[in-house]
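Colleague: what would the 3D arrangement of this be:
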Amino acid sequence: MNRRFTVAPMLDWTDRHCRYFHRLLTSQAVLYTEMVTTGALIHGDTQRYLQFHAAEHPVALQLGGSEPKLMAHCAQLAERFGYDEVNINVGCPSERVQKGAFGACLMAEPELIAANVRAMQAATTLPVTVKHRIGIDDQEDYSSMRHFVQTVAEAGCKTFIVHARKAWLKGLSPKENREIPPLRYELVYQLKQEYPALEIIINGGITTLEQCQEHLKHVDGVMVGREAYHNPWLLAQVDPLIYAQPAKFTKRKAVLEAYLDYIEQQLGLGVPLQHLTKPILGLFQGLAGAKQFRRHISEQAYKKGAGLPVVIQAMNYVQEP
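Modeller: Below is the predicted model of the structure:
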């Protein structure tokens, strides 16, 4: 699996409809699910959490948890459902996540993450990867991260996705933790220099493909989050610029027309229109009529019986050169 460009796991955003839409824009990028907790998978509606469309490949499941036996069981579920990778969340700083003993607080417990990696690799043939921060709270940035990565790598993990910001577990909200701690890309570069055999992917604050190309001079891959969601047309240039493959679409309306078939199919299965239109709201960003497009969908998609005509009518507002 080629992880030169990946779309970050984003809670409430990168659901299966969003990933299907993103896959229309790029055939090469690796897509990640929202974080799913072991408790949700084991005690909840497993089918609902894990189902995805075959078109989404390559697609990775991100797990939240810290109990090796449960994580191993969920890794087996990921393999059974056909995912291409399973990823451990060691980056989310929310208090709710900390109470569940997973996310960024686990950076303080590298041996526990190593135990999880060993258990998961024993239970599945899928690659087991880790997404983490450069540090938490008062940890000295590089040496603590180095110790974490070395410990987990010795357990068999070969791929580390590094959010190049510290997480402050007390005093900052998850939103503030994405914006206030400074980005320290140089620490991620240093990690790659010191561990050339590991696959190091950089994440945090990346908003253009030019930035991606610059990072790729120093690390193996880039992970883009919010920008890919709010400005999905960015993904249309990933295949030519990052993978030297032809772009799937050169016109935004053509992408949306391709997505209409999926919308129609999902509406037939009872999925409400507003769930299907969330990922397309930013598609026409920067074009004349984009605001009217967003407004029309936002006002109409939630109404009872809303269907394809809402999207087609909204598209008529947009002027694409």
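Colleague: which residue ranges form the strands in the stretch 51-200 of the chain?
Modeller: Applying DSSP state E, counting those that start in this stretch to the stretch 51-200 of the chain gives strands spanning 59-64, 85-90, 128-136, 159-167, 199-203.
Colleague: right, and residue 23 touches residue 56 too?
Modeller: Yes. Using CB atoms under 8 Å, residue 23 makes contact with residue 56 at a distance of 5.4 Å. (Glycine included, C-beta is placed from N, CA and C.)
Colleague: what sits in contact with each of those two?
Modeller: residue 31 (CB atoms under 8 Å, 6 or more residues apart in numbering).
Colleague: who has more neighbours out of the two?
Modeller: residue 23 (21 against 17; other CB atoms under 10 Å).
Colleague: now the strands of the stretch 51-200 of the chain as CSV including mean neighbour count?
Modeller: Formatted as CSV, the strands of the stretch 51-200 of the chain follow (neighbours: other CB atoms under 10 Å):
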stretch, mean neighbour count
strand 59-64, 26
strand 85-90, 25
strand 128-136, 26
strand 159-167, 25
strand 199-203, 23
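Colleague: between the ones you listed, which one is closest to residue 303.
Modeller: strand 59-64 (31.5 Å; CB to CB).
Colleague: pLDDT weak spots in the stretch 101-250 of the chain?
Modeller: Residue ranges of the stretch 101-250 of the chain with pLDDT under 70: 101.
Colleague: returning to what we had before: so for residue 279, which of the strands of the stretch 51-200 of the chain sits nearest?
Modeller: Among the strands of the stretch 51-200 of the chain, strand 59-64 sits nearest to residue 279 (CB to CB), with 14.9 Å.
Colleague: name every strand pairing with the closest one and say which way it goes.
Modeller: Using DSSP bridges, strand 59-64 pairs in its sheet with strand 30-37 (parallel), strand 85-90 (parallel).
Colleague: what are the buried residues along stretch 199-217?
Modeller: Residues of stretch 199-217 classed as buried by neighbour count (16 or more other CB atoms under 10 Å): 199-206, 209, 211-212, 215.
Colleague: for the helix or strand containing residue 277, name the packing helices and strands.
Modeller: Using DSSP states H and E, residue 277 falls within helix 273-277. Counting contacts by 3 or more CB pairs under 8 Å, 6 or more residues apart in numbering; DSSP states H and E, helix 273-277 packs against helix 252-268, helix 308-315.
Colleague: cutoff 10 Å now
Modeller: helix 16-25, helix 252-268, helix 290-300, helix 308-315 (3 or more CB pairs under 10 Å, 6 or more residues apart in numbering; DSSP states H and E).
Colleague: no further queries at this time; thank you.
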